[in-house]
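Asker: give the three-dimensional model of this entry:
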Amino acid sequence: MIAAEHFNITKVKYSKLTDINLENLPFGKYFTDHMLEVDYEDGEWKKAEIKPYQPLVIDPSLAAIHYGQSIFEGIKAYKNASGEAFIFRPLDNFKRFNISAERMQMPQVPEAIFMAGMKLLIELDKDWIPQQEDHALYIRPFMFSSDHMIGVRPSDKYKFMIILSPTGPYYSAPMRIYVEEQYVRAVPGGVGYAKAAGNYGAAMYATAEAKKKGYDQVLWTDAFEHKYVQECGTMNVFFIIGNKAITPGLETGTILAGVTRDSVITVLKEMGLEVEEKRLSIDEIIEAYKLGQLHEVFGTGTAATISPIKELKYRDYVMEFDVDSWKTAPEVKSRLNDIRYGKVPDSHGWMEKI
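Answerer: Predicted coordinates for the structure are as follows:
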């Protein structure tokens with residue numbers, strides 16, 4: 001692990017924190033005092049900098065703008081009752097970041113830069129970590145191609161950065177979801193399993209159309225038959241059918257291998273539920289609903305954590321759920337929060353201390 005002396009660190013003179021209330025924060029609106037920045041040039045990573053948060057100066061020919069070589073991750077840090085700071089499963093995000101980098105023909109970021117830089121940055125700005133329920137410090141590592149030229153090829157230069165944002169819940173209320181049949185998020189052989197910026201840009205039109213219909217997000221279906229469910233907006237999705245939890249499998253490469261998804265699977269099994277990862281059709285979901293066997297539907301993600309779905313609409317058929325009567329999703333959320341906020345021992349080794 002690279003020590004602090006291997007980073008150029010420039011601290012702010014005055015913190016912006018004095019002007020910000022860390023209670024009831026909107027997601028992704030405020031950013032902490034410092035950021036990490038390091039360039040990749042001539043086949044190697046240069047010395048990393050931690051410096052005051054500031055705008056970037058870019059050239060109009062910046063390769064990332066024109067050709068979309070851009071990836072990111074989402075991670076969260078929490079404080080326990082004693083004020084100690086911990087990051088939730090950052091090594092898993094680091095590994096997934098480099099999986100995305102490989103798919104997008106970008107260089108691997110060394111663990112020493114990613115992990116040590118993240119910890120140093122959070123140590124500087126740890127006073128920004130909120131301590132109230134459903135609040136955290138959102139960590140955004142990202143990388144983009146930084147060549148100054150126009151030409152369709154992988155860039156020779158890249159910039160890796162980490163910024164931090166104190167935040168509240170991403171979705172503050174149970175959601176209404178529209179099952180999407182026309183537009184697609186990902187196809188086999190594509191980049192659906194990578195956390196590529198373009199995946200999110202491509203999803204915005206369908207999401208906007210769903211919002212015109214009064215829905216919060218879309219439940220994506222497969223590209224060929226529009227029959228098998230995939231992700232829900234920016235989240236993985238779980239269905240509690242009978243005494244089993246079912247979530248779409250990862251085998252087709254169209255679904256992001258969510259860190260929260262994996263954590264939820266672990267917790268569900270600890271609660272005694274059978275968990276099945278498989279291709280799940282909308283027809284199976286509707287049949288289970290009609291039989292009274294579809295008890296809960298919820299999304300999972302770093303930003304969203306656990307987000308209940310109170311309504312699913314497929315064509316003219318509407319499925320409604322009494323979220324207030326649910327048992328499973330609230331219990332999963334409670335157990336995860338207890339680990340994240342240090343209320344119970346971390347038996348999984350998920351929390352990385354700062």
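
Asker: would you agree Met143 is in contact with Met161?
Answerer: Yes: counting by C-beta atoms under 8 Å, Met143 touches Met161, with 7.4 Å between them. C-beta: built from backbone N, CA, C; applies to glycine.

Asker: so which of these two has more stuff around it?
Answerer: Set Met143 next to Met161 and count neighbours by other C-beta atoms under 10 Å: Met143 wins out with 27 against 19.

Asker: which SS class is the more buried one?
Answerer: The assignment at Met143 comes out as strand when based on DSSP: H, G, I helix; E, B strand; the rest coil.

Asker: quick check: pLDDT value at it.
Answerer: Met143 is assigned a predicted lDDT (pLDDT) of 98.

Asker: check Met1 too.
Answerer: 41.

Asker: what sits against the closest residue in space to Lys244 that isn't next to it in sequence?
Answerer: Nearest residue to Lys244, sequence neighbours excluded (C-beta to C-beta, 6 or more residues apart in numbering): Glu274, at 4.7 Å. Counting by C-beta atoms under 8 Å, 6 or more residues apart in numbering, Glu274 touches 243-245.

Asker: flag every buried residue along stretch 274-283.
Answerer: Buried residues in stretch 274-283, counted by 16 or more other C-beta atoms under 10 Å: 275, 280, 282.

Asker: host element of the first one?
Answerer: Right, the one you point to is Val275. Using DSSP states H and E, Val275 sits in strand 274-278.

Asker: centre of the chain to that strand, how far?
Answerer: 21 Å (C-alpha atoms, centre = their mean, to the nearest Å).

Asker: got a list of contacts for the helix or strand just after it?
Answerer: Proceeding N to C from strand 274-278, the next assigned helix or strand is helix 282-290, under DSSP H and E. With contact meaning C-beta under 8 Å, 6+ apart, helix 282-290 is reached by 179, 221, 227-229, 239, 241-242, 294, 312, 314, 317, 319.

Asker: and the nearest residue to Glu23 once chain neighbours are set aside, how far from Lys79?
Answerer: Closest residue in space to Glu23, ignoring its immediate chain neighbours: Gln132 at 6.2 Å, by C-beta to C-beta, 6+ apart. Relative to Lys79, Gln132 is positioned 10 Å away (C-beta to C-beta, to the nearest Å).

Asker: with neighbour numbers in mind, choose between those two.
Answerer: Lys79 (22 against 13).

Asker: who are the neighbours in contact with that one?
Answerer: Applying C-beta under 8 Å, 6+ apart, the residues contacting Lys79 are 85-86, 126, 129-131, 341.

Asker: do Ala77 as well
Answerer: Contacts of Ala77 (C-beta under 8 Å, 6+ apart): 85-88, 122, 126, 129, 136-137, 139, 354.

Asker: please, where are all the helices along the stretch 1-150 of the chain?
Answerer: In the stretch 1-150 of the chain, the segments counted as helices under DSSP state H, counting those that start in this stretch are 63-67, 90-103, 111-124.

Asker: need the winner for burial among these.
Answerer: helix 111-124 (a mean of 20; mean count of other C-beta atoms under 10 Å).

Asker: relative to the whole chain's centre, how far out is it?
Answerer: With C-alpha atoms, centre = their mean, you get 19 Å for helix 111-124.

Asker: rounded mean pLDDT for that helix, please.
Answerer: On average, helix 111-124 scores 97.

Asker: pairing partners for the strand holding Val275, with directions?
Answerer: Partners of strand 274-278 in the sheet, by DSSP bridges, are strand 244-248 (parallel).

Asker: which parts of the strand it pairs with are buried?
Answerer: Buried positions in strand 244-248, judged by neighbour count with 16+ other C-beta under 10 Å: 245-248.

Asker: just stretch 286-297 next, same as before
Answerer: Of the residues in stretch 286-297, those buried (16+ other C-beta under 10 Å) are 286, 288-289, 294-297.

Asker: same question, stretch 294-308
Answerer: Quick answer for stretch 294-308 (16+ other C-beta under 10 Å): 294-308.

Asker: likewise for stretch 305-324?
Answerer: 305-314, 319, 321, 323.

Asker: what is the nearest of the contacts of Glu274 to Met104?
Answerer: Nearest to Met104 among the contacts of Glu274: Ala245, at 31.9 Å, using C-beta to C-beta.

Asker: report the contact partners of that closest one.
Answerer: Counting by C-beta under 8 Å, 6+ apart, Ala245 has contacts 238-239, 265, 268, 273-276, 328.

Asker: ok, of those, which one's closest to Leu336?
Answerer: For the contacts of Ala245, the nearest to Leu336 is Leu268 (10.8 Å; C-beta to C-beta).

Asker: what mean pLDDT does the helix or strand that closest one falls within have?
Answerer: Using DSSP H and E, Leu268 sits within helix 259-270. When pLDDT is averaged over helix 259-270, the result is 98.
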